[in-house]
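1. how would this look folded up:
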Amino acid sequence: MKVLTRIIILTITNVLLFTCTTNTMISTSVPKQAFLRNAQQQVAYEVDTLLNNAGTEMGWWGAKIQYANTGEVIYERNPGKLFMPASNMKLYTTAAALCLLGPQYRYETDFMTQGIIDEKGVLHGDLIIKGSGDPSWSWRFFDGNYDSIMVIFVDSLKAKGITSIQGDIIGDDNVFDDQDLGYGWSWDDESYYYAAQLSGLSYNENYIDFDIIPDTLNLGSPVTLVPKPMTDYLNVRNELITVSSDTATDWGYGRERTTNNGWFDGSYRLEKGETEETITIHNPTLFTVHVLKERLSEAGIVVNGQLLDVDDLKDSLNYAETSTLFRYTSHPLSDIISKVNRPSQNFIAESLQKTLGAEFGKEGSSYEGRKIEMMLFDSLGMDVKHLKLRDGSGLARHNLVSPNTSASLLQIMWDHPLRSYYIESLPLAGVTGTTRRLTKGSSAEGNVRAKTGTIGWVRALSGYTWTQSGEPLIFTLMVNHYTIPTREVNKRLEQIVAILSDME
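-> Sure thing, here's the model as predicted:
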């Protein structure tokens, strides 16, 4: 009986195997497309696989990708976890400035005096510059020309018939508080352009560029340093020596803290050719009036008085006793936020945050500015419970945002009437700003508008892209505490935005 049972079982098994491996009339083939993912699922799968194999096991990724028109989420990873955003913080600052100040907002700076101009053009009294916090007095707004803004000021004084100034030039920076560095900034960054001091009266973003020109005829001689703008405000010790191309080099530059004593030293290899480096200045208010005096002297207008920061006066200025010589009006805010987001300019971002405090809060401080930002975002429907804003630029490591809040911000601005100004302020991948070297040769080139973010062991990229069918997407990508080279992280970011741009 057992043998018969075994024979029956084997017979049934063979029949089943035969019917499963042949295309008979009674078998049902499953359509191939049933195994395929739809477009959203495929994107999610590819992004997830890429991040799972990103080589960043010691750190963590955050991501959120969604349709801009509907808010439907395509992919997310750690969406509620808090990340240091680096310069993605500028997305928050410029959004708040645009919403509250408007694209046509302009700073207005008054040049004033309590004196009189006699028939010979002599100003008997002080020239007072009442700062408005305008961050746009730099080459960035004048096609690379460092002197354009000062030429405007000198010509405006000439137009009033002024030939000399018997009094002082006083810079009033009190529209902002006296905190000259962003919250949580590192002291050892102070001499570098990205950590320039903040002030209610500033010129050239409070730094000096130096052209470094090696001495091609005399090896062992110091290089030539050419300051831009041309000024003697910074005292520079030049011990940077030109050496042959086969010599090992080690060189550096910087500025002593709380002083205007700068330095260049070391060995500069001849084959490096001409290059440019930047050193920040101390006391932006005095820097501004100092350079103005230099330009006035070049134009034949002698200043006989001192150069003063308003804080050095014994008595407060009484503006009721002054008259306005002329008023300078800045570029519109729509231009200013582009100069923040595209090159990722820290100084201008911090000035905007303080401006929000001056215009809508109790004072022109970052503290008041970020309070205004938080109230705005809350009123627009963002969940701000865990949002931590500490500076305006993202240089501080105390800022904390989540993919949820950044995606929410980008969604708010997509739905906002001023959307076009906001999106156009962002770098265009592969073309402009900090993304100009990203995505070259991929479908993302010229198709992604996004803000980068980079500080030590932090990388972020957030913004907008469009699918092959023209559907707009919102994405925010952040990684903290990675230990692999940043170029490897950049590859992952480029791959992800290419995946999104390739989406049908």
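
2. Listing request: residues of this structure with sub-threshold pLDDT.
-> Within the chain, the segments meeting pLDDT under 70 span 1-35.

3. Domain ranges for it, per the record?
-> The chain is divided into the following domains under automatic domain parsing: 39-104+333-502, 108-329.

4. Give me whichever of these is most buried.
-> Of all these, domain 39-104+333-502 has the most neighbours on average by mean count of other C-beta atoms under 10 Å, namely a mean of 20. Heads up, the C-betas are built off the backbone N, CA and C, glycines and all.

5. just how off-centre is that domain within its chain?
-> 11 Å (C-alpha atoms, centre = their mean, to the nearest Å).

6. go on, stretch 155-173?
-> Using C-alpha atoms, centre = their mean, the offset of stretch 155-173 from its chain centre is 34 Å.

7. Could you export it as CSV, CA atoms only?
-> Only the C-alpha atoms of stretch 155-173 are listed here, as CSV (Å, rounded to 0.1, in the frame of the first residue of the first chain):
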residue,chain,number,x,y,z
ASP,A,155,29.8,112.8,-8.0
SER,A,156,26.7,113.5,-5.8
LEU,A,157,28.8,115.6,-3.4
LYS,A,158,30.3,117.4,-6.4
ALA,A,159,26.8,118.1,-7.7
LYS,A,160,26.1,120.0,-4.4
GLY,A,161,29.0,122.2,-5.2
ILE,A,162,31.3,120.8,-2.4
THR,A,163,35.0,121.4,-3.0
SER,A,164,36.2,120.7,0.5
ILE,A,165,35.0,119.4,3.9
GLN,A,166,36.1,121.3,7.0
GLY,A,167,34.5,118.9,9.4
ASP,A,168,34.6,115.1,10.0
ILE,A,169,33.2,112.2,8.1
ILE,A,170,31.0,110.3,10.5
GLY,A,171,29.5,106.9,9.8
ASP,A,172,26.3,106.0,11.6
ASP,A,173,25.8,102.3,11.7
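
8. Walking through the stretch 151-300 of the chain, point out its strands one by one.
-> For the stretch 151-300 of the chain, applying DSSP state E, counting those that start in this stretch gives strands covering 164-165, 169-172, 207-213, 224-228, 235-243, 251-255, 261-269, 275-280.

9. got those strands as TSV, with distance to Leu308 columns?
-> Formatted as TSV, these follow (distance: least, C-beta to C-beta, whole Å):
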stretch	distance to Leu308
strand 164-165	13
strand 169-172	5
strand 207-213	21
strand 224-228	23
strand 235-243	20
strand 251-255	22
strand 261-269	21
strand 275-280	21
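
10. Now do the SS call for the spatially most central residue of the chain.
-> In the chain, the residue lying closest to the centroid (C-alpha atoms, centre = their mean) is Ser344, at 2.2 Å. Under DSSP: H, G, I helix; E, B strand; the rest coil, Ser344 falls in the coil class.

11. and it, what does it touch?
-> Applying C-beta atoms under 8 Å, 6 or more residues apart in numbering to Ser344 gives the contacts Ser87, Lys90, Gly433, Thr434, Lys451, Thr452.

12. I'd guessed the first one sits against Thr454; true?
-> Yes - at 6.6 Å, Ser87 counts as touching Thr454 under the criterion of C-beta atoms under 8 Å.

13. Give the intersection of the neighbour lists for these two.
-> Ala460.

14. next one: phi and psi at the nearest residue to Val431 once chain neighbours are set aside?
-> Ranked by C-beta to C-beta, 6 or more residues apart in numbering and with sequence neighbours excluded, the top spatial neighbour of Val431 is Gly446, at 5.7 Å. Torsion angles at Gly446 (phi, psi; degrees, to the nearest 10) stand at phi 70, psi 10.

15. Is Gly446 in contact with Thr435, as I believe?
-> No - the criterion here is C-beta under 8 Å, and Gly446 misses it with Thr435 at 10.5 Å.

16. Now for those two: what residues contact both?
-> By C-beta under 8 Å, 6+ apart, the residues touching both Gly446 and Thr435 are Leu428, Ala429.

17. just the helices in the protein please.
-> 2-21, 39-52, 89-101, 148-159, 284-298, 333-341, 346-360, 366-379, 403-414, 419-424, 486-502 (DSSP state H).
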